[in-house]
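1. sequence and predicted structure are below.
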Amino acid sequence: MAVYERTWRRYSGALTPVRLRWLVVTQYALRDAFASRLFTAFYALCYLPSVVGIFFIYLSHNVSLLQQLGMPPDLMNVLTDQFFMLLFSWQAMPAFLVAVIVSPSLIAADLSNNALPLSLSRPIDRHEYVLGKMTVLAILLSPMTWVTGLFIFLLQSYFEGADWGFENYRIGMAYVVGHVTWIIVISMLTLAISAWVRFKPAARGALFAIIFILAGFATAVNGVTRTSFGDLIHLIRAINSVVLSLFGAPTPSGLPVSLNWFTLVAVTALSAWLINRKLRPHEVVR
């Protein structure tokens, strides 16, 4: 239908509060993500580690079933730390893959189609625009990581009693702080790559290159210098060391945990700077 054949009238519906209008960016980005049935199916599969974890908690408190399977009745007491640390890793890996799939199109699509000035002509600024995009990843990754992880910890505390929960509070803290830190770091990094690399396959390749090539280079630096200074650019080892320290376990990095935190903060700050440099709409003045 031609434009002149349409009938236009003023919008009379409810208006979104000004402070929440950046959530419109999140709403449409989520709709685009779940428009793919393949992604929706993969996203559902990402909850499999949490489902297995819940089943394991149930199994560990079903004495008759443990006896039928030939397992010790105090199975959970023996495997508590190992179980929760392994579950953390198996939750973090699918979350990383979801970020790799979704993030390349969050900002790159707007830049490729010159839609950024149109988005920022609405009552949102650059910071709210980035917040809206980052909230997409937070909404997608939180339920499969710290939300279900904390639920499993509370479920174990319910079966074992409040004393167990107080004695093992570090587990719950590790799930919340560790996963939230991982979500923030990986979200900022992937959004920065999305802003600078507009071709989706190239953006995904750049993310893997940054993480794994730098990890190999860091290992080489450690081997040549016979020190642990290469861990300053080893993102995987940094987050791993931070999480293990939250669990109270030995860390693989030879650096103090404070320097591992510095690596994560530096990556986040650099990503924010790159996003800020790229998202600069131009005003046309006659």
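-> Alright, I've got the coordinates.

2. name the nearest residue to residue 116, sequence neighbours excluded.
-> residue 110 (4.8 Å; C-beta to C-beta, 6 or more residues apart in numbering). Yep, even glycine has a C-beta here, placed from its N, CA and C like the rest.

3. for the one you found, pull up the helix or strand it's in.
-> Here residue 110, judged by DSSP states H and E, is contained in helix 104-112.

4. again with residue 28
-> Secondary structure (DSSP H and E) places residue 28 in helix 23-33.

5. packing partners of that helix?
-> helix 126-141 (3 or more C-beta pairs under 8 Å, 6 or more residues apart in numbering; DSSP states H and E).

6. mind listing what's buried in the next helix or strand after the helix it packs on?
-> Moving toward the C-terminus from helix 126-141, the first helix or strand encountered (DSSP H and E) is helix 148-160. Neighbour-count burial for helix 148-160, with 16 or more other C-beta atoms under 10 Å as criterion, is recorded at 148-153, 156-157, 160.

7. TSV for those residues, including distance to residue 15 and pLDDT?
-> As requested, the buried residues of helix 148-160 are exported to TSV (distance: C-beta to C-beta, whole Å; pLDDT from 0 to 100):
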residue	distance to residue 15	pLDDT
148	35	94
149	38	92
150	36	93
151	36	94
152	41	92
153	41	92
156	46	88
157	44	89
160	50	83
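
8. from the residues you listed, which is closest to residue 183?
-> residue 149 (12.1 Å; C-beta to C-beta).

9. count the residues that sit near the closest residue to the closest one other than its chain neighbours.
-> Among residues not flanking residue 149 along the chain, residue 175 sits closest, at 3.8 Å (C-beta to C-beta, 6+ apart). Neighbourhood size, residue 175 [other C-beta atoms under 10 Å]: 26.

10. can you tell me which residues contact residue 175?
-> 84, 88, 145-146, 149-150, 153 (C-beta atoms under 8 Å, 6 or more residues apart in numbering).

11. 10 Å instead?
-> Contact analysis of residue 175 by C-beta atoms under 10 Å, 6 or more residues apart in numbering lists 84, 87-88, 91, 145-153, 243, 246-247.

12. same question for residue 191.
-> 99, 103-104, 106-108, 130, 133-134, 136-137, 271-272, 274-275, 278-279.
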